[in-house]
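> prediction below, plus the sequence it came from.
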Amino acid sequence: MDSSSSSSWPKEPSSARSHPMTVPIFKKASQTGFTFPSPKRERERGERERERGVARICELSSSSKKKKKSENLSLIMAVSSFARAFPSFECRSDPDFSRPEIPPAGCGGGFSGKSQSAILRGGAAAHGLSSLILRFPPNFVRQLSNKARRNCSNIGVAQVVAASWSNNQGASGSTPAAKAVDAALAAVAPVEIETGVDDVVPAAEDPSPNAENVQPEGLPPFKYASFLNSDGSVAIHAGERLGRGIVTDAITTPVVNTSAYFFKKTADLIDFKEKRSTSFEYGRYGNYTTVVAEEKISALEGAESTILMASGMCVSTVMLMALVPAGGHLVTTTDCYRKTRVFIENFLPKMGITATVIDPADIGGLESALENNNVALFFTESPTNPFLRCVDIEKVSKLCHAKGALVCIDGTFATPLNQKALALGADIVVQSATKYIGGHNDVLAGSISGPEKLISAVRNLHHVLGGALNPNAAYLIIRGMKTLHLRIQQQNSTAQRMAEILEAHPKISRVYYPGLASHPEHHLAKKQMNGFGGVVSFEVDGDLLITAKFVDALRIPYIAPSFGGCESIVDQPAIMSYWDLSPSERAKYGIMDNLVRFSFGVEDFEDLKADILQALEKI
């Protein structure tokens, strides 16, 4: 290996640009002092060298999955040679980024603090190789360590560092660190990657980008950052400050409006198709802005992976078609969103899929369904819509898993802040992000979260059916989540206090709210929820018209068919959602003419209280 001083290597012209997936190849000592006849030819030569360099490193990185010492040695030798040749080069996923000039001989080397967001630690550190940081594109880091990639988000770029070496120059002009690197190579010691957070995780045993669901043994539980201890902080920073695929100094995530993504050359496209590199190809398959929102939701749910779609209903239907096979069987509950029931009753039978419907608290009914049918999935809301019934997620998960069935919980009424369905045992959790997660009544979206093995099956069908989330909508989700914890605190508090007031009011015959001791699943709600949500359903002491008079007398809430936003919303389900059914048909689903669903916003509690009480006085 060449030991020439890094200062003797020719400089790359400042006009040269670095392609996201390329790195310079290593120059030989015989080229020292050589200058190209023109900037154009120099750029062309540099491009060819980058292409050869990235091909060699990717080849070595891919082959290292076999864990042969000689192959790992070759990879690290290539990196160390590159470090000596170009000690101050940074390779970022930004076509307009030019590397800084190589420091002169005798310079201490290294980068400024702002570029030292992460370094390799381990065997190299033991040999005194610590001052200079070298950056590679995210594909290289992904191949080296799948776990480190996850800690930097699925699309993290310029904030990921692949190696570090000392750049102290000796009197002879040679690089003493080079010899130390060579000595360190022989040991090929395990290396740890620090990704800009407090957690340091070891490199993956199998770094192959083609391996499915790579989960190296012995890794600590995935955590965005050890210094973020609350859901509120995670909702603000996850996916953004902790790594995103857009090179920008903006605090907020940009909106990437594009229908497709280009490849610089055919070789890059082939690498992508053969999973040697990662990128987006078409807008329906992914978007940088959308991925940031997905990372936030994954962090809050405690999920390995999340997909955002165009609506909550889109998520539910795609999930059911992806996870329940043709001719299969599912179990659901009586109380649920009407359109979900319509899809299960009217559309799934066309694929030979049958369903058993049970009461949310009927554990015996679930056991019977599991015993008598080859159940693929148990799907329910918790709390449910509109009666806010709660399912014992931990218990039903154990029962279903014992029979090989999956459990999917729609947690829209709870949000990830009030309930962690995955931690309770569910396999998948879906959310209508239109509601609390978006939180401003200005976006339609839905999310599904869970292990990558299951989410990938949903993703494959989603790519076929469409229903992709617009990046502008993804931005609204990102913005909304930054105040989610503040809104939920206010809505939880207002709903609890108003539920207690309504339950004691003479003109209210019944209140449905899991925070009340009178609720049939209050004991479950206390066990598995941190808060009880911002929706209260209740029955007015009167008929359809008297109830409608109460609704019309309210001055603050909007009469509308949604919930979870900053503005309070009220609706009378018999009219809003079930008007096409007769009273007797509505009664089969428990929908009485005097039922009201009230979604509390973030208005002042006293204002809402006064408004509801004055409306009750008018009936």
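Structure's in. What do you need?
> hmm, residue 411 is touching residue 431, no?
Yes: at 5.9 Å, residue 411 counts as touching residue 431 under the criterion of Cβ atoms under 8 Å. (C-beta placed from N, C-alpha, C; glycine too.)
> between these two, which one's more packed in?
residue 431 (30 against 27; other Cβ atoms under 10 Å).
> for the residue nearest to residue 365 when sequence neighbours are not counted, give the beta-bridge partners.
For residue 365, ignoring the flanking residues on the chain, the nearest one in space by Cβ to Cβ, 6 or more residues apart in numbering is residue 358 at 3.7 Å. Taking DSSP bridges, one obtains residue 333 as the residues bridged to residue 358.
> could you check how far residue 358 is from residue 609?
37 Å (Cβ to Cβ, to the nearest Å).
> convert the C-alpha atoms of the helix or strand containing residue 501 to PDB, please.
Per DSSP states H and E, residue 501 falls inside helix 484-503. What follows is helix 484-503, C-alpha atoms only, in PDB (Å, rounded to 0.1, in the frame of the first residue of the first chain):
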ATOM      1  CA  LEU A 484     -49.600  16.100  19.200                       C
ATOM      2  CA  HIS A 485     -48.600  15.700  22.900                       C
ATOM      3  CA  LEU A 486     -49.800  19.200  23.700                       C
ATOM      4  CA  ARG A 487     -53.100  18.700  22.000                       C
ATOM      5  CA  ILE A 488     -53.700  15.300  23.500                       C
ATOM      6  CA  GLN A 489     -53.100  16.500  27.000                       C
ATOM      7  CA  GLN A 490     -55.700  19.300  26.600                       C
ATOM      8  CA  GLN A 491     -58.200  17.000  24.800                       C
ATOM      9  CA  ASN A 492     -57.800  14.200  27.400                       C
ATOM     10  CA  SER A 493     -58.400  16.600  30.200                       C
ATOM     11  CA  THR A 494     -61.400  18.400  28.700                       C
ATOM     12  CA  ALA A 495     -63.100  15.200  27.700                       C
ATOM     13  CA  GLN A 496     -62.700  13.600  31.100                       C
ATOM     14  CA  ARG A 497     -64.000  16.700  32.900                       C
ATOM     15  CA  MET A 498     -67.000  17.100  30.500                       C
ATOM     16  CA  ALA A 499     -67.800  13.400  30.600                       C
ATOM     17  CA  GLU A 500     -68.200  13.700  34.400                       C
ATOM     18  CA  ILE A 501     -70.300  16.800  34.100                       C
ATOM     19  CA  LEU A 502     -72.600  15.200  31.400                       C
ATOM     20  CA  GLU A 503     -73.000  12.000  33.400                       C
END
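> same for the helix or strand that comes right after that helix, what does it pack against?
Going down the chain from helix 484-503, the next helix or strand is strand 508-512, by DSSP H and E. Here strand 508-512 touches helix 484-503, strand 535-540, going by 3 or more Cβ pairs under 8 Å, 6 or more residues apart in numbering; DSSP states H and E.
> for residue 477, which of these is the nearest?
Nearest to residue 477 among these is helix 484-503; the distance by Cβ to Cβ comes to 10.1 Å.
> measure how that closest one sits relative to strand 508-512, angle-wise.
Helix 484-503 and strand 508-512 are oriented at 150 degrees to each other (axes from the mean of the first three to the mean of the last three Cα atoms, to 10 degrees).
> what residues sit buried inside helix 484-503?
Across helix 484-503, burial judged by 16 or more other Cβ atoms under 10 Å covers 484-485, 487-488, 490-492, 494-496, 498-499, 502-503.
> could you list the buried residues of stretch 534-554?
Buried-residue list, stretch 534-554, by 16+ other Cβ under 10 Å: 534-542, 544, 547-548, 550-551, 554.
> cool, stretch 428-448 as well?
Neighbour-count burial for stretch 428-448 flags 428-439, 441, 443-448 (criterion: 16+ other Cβ under 10 Å).
> could you do stretch 372-386 as well?
373, 375-386.
> could you give me the average pLDDT of stretch 528-536?
Mean per-residue pLDDT for stretch 528-536: 97.
> could you export the buried residues of helix 484-503 as a markdown table, including distance to residue 239 and pLDDT?
Formatted as a markdown table, the buried residues of helix 484-503 follow (distance: Cβ to Cβ, whole Å; pLDDT from 0 to 100):
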| residue | distance to residue 239 | pLDDT |
| --- | --- | --- |
| 484 | 14 | 97 |
| 485 | 16 | 96 |
| 487 | 19 | 98 |
| 488 | 19 | 98 |
| 490 | 24 | 97 |
| 491 | 24 | 98 |
| 492 | 25 | 98 |
| 494 | 29 | 98 |
| 495 | 29 | 98 |
| 496 | 31 | 98 |
| 498 | 34 | 98 |
| 499 | 34 | 98 |
| 502 | 39 | 98 |
| 503 | 41 | 98 |
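> what about the strands in the stretch 301-450 of the chain?
Taking DSSP state E, counting those that start in this stretch as the criterion, the stretch 301-450 of the chain carries its strands at 305-309, 329-333, 354-358, 375-381, 406-410, 428-431, 446-450.
> can you lay out those strands as TSV showing distance to residue 615 and mean pLDDT?
TSV is the format used below for those (distance: least, Cβ to Cβ, whole Å; pLDDT from 0 to 100):
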stretch	distance to residue 615	mean pLDDT
strand 305-309	37	97
strand 329-333	32	96
strand 354-358	35	95
strand 375-381	28	97
strand 406-410	31	98
strand 428-431	31	98
strand 446-450	33	98
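> now distance to residue 520 too, for these, in TSV please.
TSV is the format used below for the strands of the stretch 301-450 of the chain (distance: least, Cβ to Cβ, whole Å):
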stretch	distance to residue 520
strand 305-309	32
strand 329-333	13
strand 354-358	15
strand 375-381	15
strand 406-410	18
strand 428-431	23
strand 446-450	28
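> residue 508: which of those strands is closest?
That would be strand 375-381 among the strands of the stretch 301-450 of the chain, by Cβ to Cβ, at 24.0 Å.
> got a pLDDT number for residue 3?
42.
> kindly report the same for the one 10 residues further on.
At residue 13, the predicted lDDT confidence score is 38.
> do the one 5 residues further on as well
We have a pLDDT of 34 for residue 18.
> now residue 381: closest residue in space, sequence neighbours ignored.
Residue 381 sits nearest to residue 410 (Cβ to Cβ, 6+ apart), 4.1 Å away.
> got the contact list for the one you found?
316, 336, 337, 340, 379, 380, 381, 382, 429, 430, 431, 432 (Cβ atoms under 8 Å, 6 or more residues apart in numbering).
> cutoff 7 Å now
380, 381, 430 (Cβ atoms under 7 Å, 6 or more residues apart in numbering).
> of all these, which comes closest to residue 582?
Comparing these against residue 582 with Cβ to Cβ places residue 381 closest, at 25.0 Å.
> so how far is residue 587 from the closest one?
Where residue 587 is concerned, residue 381 sits at a distance of 21 Å (Cβ to Cβ).
> please, which helix or strand holds the residue lying closest to residue 575 once chain neighbours are set aside?
Counting by Cβ to Cβ, 6+ apart, residue 575 lies nearest to residue 548, which is 7.0 Å off, once chain neighbours are set aside. Element membership for residue 548 (DSSP H and E) is helix 544-553.
> now that helix - C-alpha only, CSV.
Extracted C-alpha coordinates of helix 544-553, given in CSV (Å, rounded to 0.1, in the frame of the first residue of the first chain):
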residue,chain,number,x,y,z
LEU,A,544,-84.2,12.5,17.2
LEU,A,545,-85.6,16.0,16.9
ILE,A,546,-84.9,17.0,20.4
THR,A,547,-81.3,15.8,20.1
ALA,A,548,-81.0,17.7,16.8
LYS,A,549,-82.2,20.8,18.5
PHE,A,550,-79.4,20.4,21.1
VAL,A,551,-76.8,20.0,18.4
ASP,A,552,-78.1,23.1,16.6
ALA,A,553,-78.0,25.1,19.8
